[in-house]
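J.: Take this sequence and fold it.
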Amino acid sequence: MEMIINFLSNPRTTGLHIQIYEIELSKIAEFIDDVNENYIIEDLRKINGIDVIKRFVELEEREEKSGNQWISDRLSTAIASIIRKEVKPEIYDYFKISSEDLEKARPSEGYPGFRRVQRLITGFFDPKLFPKYLEVLYMNYRMSKVEKNMVIELISLNVIVFNIFNDFISCLPVLNDSFEKISERESHIERYIFKLYDMVVKLWIDLENKFLLNDNIKDFLTASINYYANEEWRTSVILSSIAVESIFAELYEEEYMINAPDIPLGGLITKVEEKISFPSDLMEKIQGLNKARIASVHRSENPVSDKDAMISMMGITSLIIWYFDNY
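T.: Below is the predicted model of the structure:
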């Protein structure tokens, strides 16, 4: 848990781990065709591997976001076919499927049961939490500029998840020896931190027992994460701000022993600062959140961005960490 707290409090100092793989698109097509031939359910419409890759390349070259979902859905369908017919614990673990859940979804035979198995699998490229290992995995991908290969970036808090990913890949035919690792490094770059931060917050919420004491804060923070994931930046900022306002109202009432006044967040922060000496780095984050809140509420000429939403999430998260430690 200490590693999670350190990252949430000072992500640039803590850093992340990155591994980059490359795989030939022809191998993915071969994998899909192999699954169709050896695993797929007879009454499920077969997916031709070459057609899948062709469509994926077309979407990527047109820079359409649906390219990610297109190939992810088809890889997930192929993997679900393998799970339905084989016992492969490493795949269950990777997709967070318990044996009990799988048995409930596994039919004696027939197409509807495949759909139940498929629903247990999240998208191949979706971010994943591994609470058992206090670990998060974000998978980013792009087309190689040199050849029509796929470059896959794995971003995580530590290197444990890379071993989990490798165990998962080793269970898949064709792909098990097709991934080439081309680099491995630690990074403190903002763009990588922003990709992972909300997932680490979600992991922290799932693991931190202290959230049981304040469902109100937990609900607002969880909602902020969900809106951030859906790229609804303005709503995410507002929800983070409401959570901050809730905490500052509690601090005001604790220190002044009267009900918190009905004033804007900035004024409430000033009143509480008269009684409590906050760490300077924490207040910088809170002020950043308040600026994003003002822009969101008043709908300024400058549109609210993903960076504003992330700054706000960092603000409320850092405040909650401080609050849990002091109250």
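
J.: Quick check: Thr14 touching Glu2?
T.: No. Using Cβ atoms under 8 Å as the test, Thr14 is too far from Glu2 to be in contact (10.6 Å). Backbone N, C-alpha and C define where each C-beta goes, glycine included.

J.: Give me the more crowded residue out of those two.
T.: Each of Thr14 and Glu2 has its neighbours counted (other Cβ atoms under 10 Å); Thr14 has more, 18 against 7.

J.: Let me see the contact set for the more buried one.
T.: Each residue near Thr14 by Cβ atoms under 8 Å, 6 or more residues apart in numbering is listed here: Met3, Asn6, Phe7.

J.: Also Glu208?
T.: Met1, Phe324.

J.: before we move on, the earlier item: show me which of the contacts of Thr14 are buried.
T.: Taking 16 or more other Cβ atoms under 10 Å as the criterion, what is buried in these is Phe7.

J.: Serialize the contacts of Thr14 to a markdown table and add fields for pLDDT.
T.: Below are the contacts of Thr14 laid out as a markdown table (pLDDT from 0 to 100):
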| residue | pLDDT |
| --- | --- |
| Met3 | 88 |
| Asn6 | 92 |
| Phe7 | 93 |
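
J.: can you put the contacts of Thr14 in TSV and add distance to Lys27 and secondary structure?
T.: Shown next, in TSV, are these (distance: Cβ to Cβ, whole Å; DSSP: H, G, I helix; E, B strand; the rest coil):
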residue	distance to Lys27	secondary structure
Met3	35	helix
Asn6	38	helix
Phe7	34	helix
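
J.: Out of the contacts of Thr14, which comes closest to Asp306?
T.: Phe7 (18.9 Å; Cβ to Cβ).

J.: Skipping its backbone neighbours, what lies nearest that closest one in space?
T.: Closest residue in space to Phe7, ignoring its immediate chain neighbours: Thr14 at 4.4 Å, by Cβ to Cβ, 6 or more residues apart in numbering.

J.: how far away is the one you found from Glu186?
T.: Thr14 sits 10 Å away from Glu186, going by Cβ to Cβ, to the nearest Å.

J.: So Leu137: helix, strand or coil?
T.: Classification of Leu137 using DSSP: H, G, I helix; E, B strand; the rest coil returns strand.

J.: beta partners for it?
T.: According to DSSP bridges, the residues that bridge with Leu137 are Lys128, Ser156.

J.: contacting residues around it?
T.: Applying Cβ under 8 Å, 6+ apart, the residues near Leu137 are Pro127, Lys128, Phe130, Leu154, Ile155, Ser156, Val161, Ile164, Phe165.

J.: try Glu255
T.: Counted by Cβ under 8 Å, 6+ apart, Glu255 has contacts Val272, Lys275, Ile276.

J.: swap in Tyr256?
T.: Lys271, Lys275.

J.: Break down the stretch 101-250 of the chain into its helices, ranges please.
T.: Remark: helices assigned in the stretch 101-250 of the chain by DSSP state H, counting those that start in this stretch are 111-119, 160-170, 190-207, 215-229, 233-256.

J.: And the fourth one, what does it pack against?
T.: Think helix 215-229. helix 190-207, helix 233-256, helix 306-326 (3 or more Cβ pairs under 8 Å, 6 or more residues apart in numbering; DSSP states H and E).

J.: So for it, what gets flagged as buried?
T.: In helix 215-229, counting by 16+ other Cβ under 10 Å, buried: Ile217, Lys218, Phe220, Leu221, Thr222, Ala223, Ser224, Ile225, Tyr227, Tyr228.

J.: The last one against Asp198, yeah?
T.: Yes. In terms of Cβ under 8 Å, Tyr228 counts as a neighbour of Asp198; the distance is 5.3 Å.

J.: quick one on the thing from earlier: could you measure the residue nearest to Phe7 against Lys285, distance?
T.: 15 Å.

J.: and the helices and strands packed on helix 215-229 as a markdown table, adding mean pLDDT and distance to Glu135?
T.: A markdown table is the format used below for the helices and strands packed on helix 215-229 (pLDDT from 0 to 100; distance: least, Cβ to Cβ, whole Å):
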| stretch | mean pLDDT | distance to Glu135 |
| --- | --- | --- |
| helix 190-207 | 92 | 8 |
| helix 233-256 | 93 | 24 |
| helix 306-326 | 93 | 18 |
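
J.: which residues does Ser178 contact?
T.: With contact set as Cβ under 8 Å, 6+ apart, Ser178 has these partners: Ile23, Glu24, Lys27, Phe31.

J.: ok, the helix or strand containing the first one: who's next to it in the sheet?
T.: Taking DSSP states H and E as the definition, one finds Ile23 inside strand 16-24. Partner strands and pairing direction for strand 16-24 (DSSP bridges) are strand 149-156 (antiparallel), strand 180-187 (antiparallel).

J.: Go ahead and confirm Ala80 touches Gln118.
T.: Yes. Counting by Cβ under 8 Å, Ala80 does reach Gln118; the two are 4.1 Å apart.

J.: Of these two, which one has the most company?
T.: Taking other Cβ under 10 Å, Ala80 and Gln118 do not tie; Ala80 has more neighbours (26 against 18).

J.: low pLDDT regions in the stretch 101-250 of the chain?
T.: 106-114, 212-213 (pLDDT under 70).

J.: Fine by me, thanks again.
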